[in-house]
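Visitor: Show me how the following folds:
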Amino acid sequence: MMEHGDNVVRPSIQMPRVPWLASVFASLVFLVVLVGSVSWFVIRVEVEANKILVLVNKTGKTLPSELTHEFGDQVVLYPELVTAIAAVTGETERDVREGYKGIQYDVLPEGRYFPNPYFYKRIQQDATIIGQNEIGVLIRKYGKPLPFPKTVATEPDERGPVEEILRPGRHNINLLAYEVQRFSAILIPEGHVGVVALLSGTEPKQHNTYTVEPGEKGVQRETLPPGLEYYNPFLKRIEVVDVRSHKYDMLGEDAIHFPSNDSFTITIEGTIEWAILPDRVAEVTVEYGDEEDILKKIILPNARSIARIQGSKLLARDFISGKTRTAFQDQLLSESRGECYKQGIDIKAALVRDIKPPSEIASLISQREQADQDIDRSTNKMEEAKAEALLVEQRELQDRNRLLGDARREVVTVTKNAEQRKVVAVTQANRAFEVGKLELEAAEKEASAVRSRGRAEANVILYDYQARAEPLAMAVQAFGDGTTYAQQFYLQRVAPSIKSIMSNTDGPFAEIFRELQTSTDASSKGGGR
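Guide: The predicted structure follows:
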C-alpha cells in the first residue's frame, strides 16, 4: 500500500510472523554459549609452569585375552604394549592409545588443553626437578618382572629400576608410570679414586678373581678418577679409596719387640710411610679391605716379621751403634718394600726412630759405644789430617802442573813463532830464488844477444880487413916481400913531392937511399943467378 502526501511516497511493509525461527536462533546462541562455557569452565585445563598433565582413559576396550598371559594386568599404555595390541587387533597405535582403558604413557607439558572429563581422568603433577649434585633413578611400575639376577631394567618393557639416570635439571616424568628416587652424586676428591662394583652385568668369564673385565658383574679393575660422579646405585656401587701416602707410627704398644741374638729383648719405635699402588687399588680393596685392614693384614705383619728375622741376627750391643742402626733401617725398608709390593702396597719409607736395648745392659753398651765413638772420632781426625796432607800435596802438584803447563805453552808459542818466521823466510828465499833465476835467464839471454852482436860486428870488420888486405897481399906477393912493397909504396908517395935533393951521404934521409940501393943490388944479383 502506497501513501501519497507532501510528494513523498512511503511503502508499507508487513513482516511475517515466524516465532519458531527466533526460538531456533536463540537456541543456537544458547547452545554455543553453553558449549563454550562448558569447554572453558569445565573441560579447559590450564597446565602451569613446572607442571605436567597425565591423562587416564576412563572408557574404552580392555586388554585382549591373547596378551593377558604375557602382559598381565597392565594399566599403563606404554609403547611396547600399544605395539603388541595393534599387532593382535590390526588397529593403529593411535587408535589403541585412544580406545583402550588405562594410563596414557606420554604427558602434556605447560599449556592449555581441552580433554573431555567424561572420557579422561585429568591429573596434574609436578615436573620432576633434579637438583645440583643429585641424581634421580626411575623405578618403572609397568612391564615384565626383572629376570634373575638382573638388578636394573635394561629393556624398555622390564619393570624395576631403570639403568639410565636423571641428571640435574627438569624432567617431565609420568609419576603414574614411574617412581623417582633421588640420590646424592658422589664426589671423589683429589688424591682418591673410586672403586666400582657392578651389581648387574654379564657373568665373569674367569671365576674366583678379585676383579673382573669391563661390563662384567663384580668389581671393575679400572677405577674412577677424581671428580663428581653421577651413578645409578641400583646398577653400581662406588667406594672412595685414598691413594695418598699414609704414615703409621709404631709407638708404645704398637712398637716392635723381638729378641736379639744374645736373648735380650729389643724394642724398636719407628714410622712407616705407605700408599696403595694406583693400578692395584681395586684388587687390594677387595682382597684386604680399608686402610685399617691393610695395616693389620699387610704392613704390620711384614714389618714385625722382617724386624724379628733381621734383629735376631744381631747382638744387643749392635743396636746402639749408629752404623748398625742405619743398616738395620735400610734392610727393613728394602725387604718390607719388596714383600708389600707383591701385595699391592708401596712402602715409601721406613724410619727407625728409637732402638731400646734392655736397661741392665744399656749403660754398659752406652759406655762401650761412647768409647767406640771416641775411637771413631780419633780415626776421623787422623783421616782428616791425611786428607789435609793429601790436599796440600794435590795443591802443590796442581801448582807444579800449572807452571809446567805455562812452560809448555811458552815453548809451544816460541816454536810456533819460529816455525812461522821460518815459513816466512823460506817463502821470501824462494821468492828471491825465483827472481834470481828469472834475472839469470834474462842476463844469459842478454849476453847471448851481445855475443851475437859482437860476432856479427867482428865478422864485418874481419871481412872489411880481409877485403882490404887481399889486394895488399897480392901486391906484396908481387914485390917478393913486404919490405920491398913498403919501400915502393913509400917512394911512390914521396917521389912526387921531391923537387931537389941537397944532402950529404950521412943522415936519415940518405939512409933511405942507401937501403934502396942495397935492396936494388941484391935484387940484381939474385936475378943474375
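
Visitor: any idea which helix or strand carries residue 273?
Guide: strand 265-276 (DSSP states H and E).

Visitor: so what secondary structure elements neighbour the helix or strand following that strand?
Guide: Next along the chain after strand 265-276, taking DSSP H and E as the criterion, comes helix 281-287. Judged by 3 or more C-beta pairs under 8 Å, 6 or more residues apart in numbering; DSSP states H and E, the packing partners of helix 281-287 are strand 192-198, strand 218-219, strand 236-242. (Each C-beta comes from the backbone N, C-alpha and C, glycine too.)

Visitor: would you list every one of the helices in the stretch 201-350 of the chain?
Guide: Assigned helices in the stretch 201-350 of the chain, in chain order: 281-287, 291-294, 300-311, 322-342 (criterion: DSSP state H, counting those that start in this stretch).

Visitor: Dump these to TSV, plus mean neighbour count and mean pLDDT.
Guide: Shown next, in TSV, are the helices of the stretch 201-350 of the chain (neighbours: other C-beta atoms under 10 Å; pLDDT from 0 to 100):
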stretch	mean neighbour count	mean pLDDT
helix 281-287	21	92
helix 291-294	15	91
helix 300-311	18	85
helix 322-342	16	82
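
Visitor: Local confidence estimate at residue 290?
Guide: At residue 290, the model reports a pLDDT of 90.

Visitor: what's the angle from the top helix by length along the chain to helix 322-342?
Guide: In terms of residue count, the longest helix belonging to the chain (DSSP state H) is helix 359-479. On the basis of axes from the mean of the first three to the mean of the last three C-alpha atoms, to 10 degrees, helix 359-479 is oriented at 90 degrees to helix 322-342.

Visitor: Could you name the helices and strands sitting against helix 359-479?
Guide: helix 482-494.

Visitor: quick one: low-confidence parts of the stretch 301-450 of the chain?
Guide: Within the stretch 301-450 of the chain, the stretches with pLDDT under 70 are 320-322, 358-369.

Visitor: Could you rerun that using 80?
Guide: Where the stretch 301-450 of the chain drops to pLDDT under 80, the residues are 311, 314-326, 328-329, 354-374, 376.

Visitor: Which among the helices of the stretch 201-350 of the chain is found nearest to residue 389?
Guide: helix 322-342 (26.3 Å; C-beta to C-beta).

Visitor: Quick one: residues in contact with the closest one.
Guide: Contacts to helix 322-342, defined as C-beta atoms under 8 Å, 6 or more residues apart in numbering, come from residues 270, 272, 274, 277, 298-299, 302-303, 306-307, 310-311, 314, 318-319, 346-347, 349-352, 355.

Visitor: Likewise for stretch 113-129?
Guide: Contacts of stretch 113-129 (C-beta under 8 Å, 6+ apart): 39, 42-45, 47, 50-59, 107, 109, 136, 166, 169-176, 180.

Visitor: ok so, going back, would a markdown table of the helices of the stretch 201-350 of the chain with distance to residue 66 be doable?
Guide: Shown next, in a markdown table, are the helices of the stretch 201-350 of the chain (distance: least, C-beta to C-beta, whole Å):
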| stretch | distance to residue 66 |
| --- | --- |
| helix 281-287 | 49 |
| helix 291-294 | 58 |
| helix 300-311 | 67 |
| helix 322-342 | 64 |
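
Visitor: Residue 491: which of these is closest?
Guide: That would be helix 322-342 among the helices of the stretch 201-350 of the chain, by C-beta to C-beta, at 151.1 Å.

Visitor: Give the buried residues for the helix or strand hosting residue 28.
Guide: Under the criterion of DSSP H and E, residue 28 resides in helix 19-37. Residues of helix 19-37 include none that count as buried (16 or more other C-beta atoms under 10 Å).

Visitor: start the count at 22, not 1, going forward
Guide: Sure thing, new numbering starts at 22, so read that last one as helix 40-58.

Visitor: centre of the chain versus that helix, how much separation?
Guide: The chain centroid and the centroid of helix 40-58 are separated by 86 Å under C-alpha atoms, centre = their mean, to the nearest Å.

Visitor: residues in contact with it?
Guide: By C-beta under 8 Å, 6+ apart, no residue outside helix 40-58 reaches it.

Visitor: which residues are in contact with the next helix or strand after it?
Guide: With elements assigned by DSSP H and E, the helix or strand that comes after helix 40-58 is strand 66-68. Contacts with strand 66-68, where a contact means C-beta under 8 Å, 6+ apart, come from 74, 129, 130, 131, 132, 133, 134, 135, 136, 143, 145.

Visitor: Given strand 66-68, what are its sheet partners and their directions?
Guide: According to DSSP bridges, strand 66-68 forms sheet pairs with strand 132-134 (antiparallel).

Visitor: I'd like the mean pLDDT over the strand it pairs with, please.
Guide: Per-residue scores along strand 132-134 average to 92.

Visitor: Relative to residue 443, which of the helices and strands packed on helix 302-308 is closest?
Guide: Smallest distance to residue 443 across these (C-beta to C-beta): 80.7 Å, for strand 213-219.

Visitor: Strand 286-297 and the closest one, what's the angle between them?
Guide: Using the same axes, to 10 degrees: strand 213-219 against strand 286-297 is 70 degrees.

Visitor: neighbouring contacts of strand 213-219?
Guide: Contacts of strand 213-219 with the rest of the structure, by C-beta under 8 Å, 6+ apart, involve 207, 209, 233, 236-241, 243-247, 250, 256-265, 299, 302-303, 306-307.

Visitor: run the last query once more with 10 Å
Guide: 172, 207-209, 232-233, 235-248, 250, 252, 256-265, 297, 299, 302-307 (C-beta atoms under 10 Å, 6 or more residues apart in numbering).

Visitor: Inside strands: which ones of the contacts of stretch 134-150?
Guide: Counted as lying in strands by DSSP state E, out of the contacts of stretch 134-150, are 66, 68, 72-78, 157, 187, 190-192, 201.

Visitor: between the residues you listed, which is nearest residue 118?
Guide: Nearest to residue 118, judged by C-beta to C-beta, of the ones in strands among the contacts of stretch 134-150 is residue 78 at 8.1 Å.

Visitor: what's across from the closest one in the sheet?
Guide: In beta-bridge terms (that is, DSSP bridges), residue 78 pairs with residue 123, residue 141.

Visitor: what's near enough to touch it?
Guide: Residue 78 sits in contact with 98, 118, 119, 120, 121, 122, 123, 124, 125, 140, 141, 142, where contact means C-beta under 10 Å, 6+ apart.

Visitor: Just the buried ones out of these, please.
Guide: Listed as buried from these are 98, 118, 119, 121, 123, 124, 125, 141; burial here means 16+ other C-beta under 10 Å.

Visitor: In TSV: those, plus distance to residue 89.
Guide: Listed next are these as TSV, based on distance: C-beta to C-beta, whole Å:
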residue	distance to residue 89
98	15
118	19
119	21
121	13
123	14
124	18
125	21
141	24
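
Visitor: Which residues are in contact with residue 208?
Guide: Contacts of residue 208 (C-beta under 10 Å, 6+ apart): 154, 215, 247, 248, 249, 250, 261.

Visitor: Understood, closing this out.
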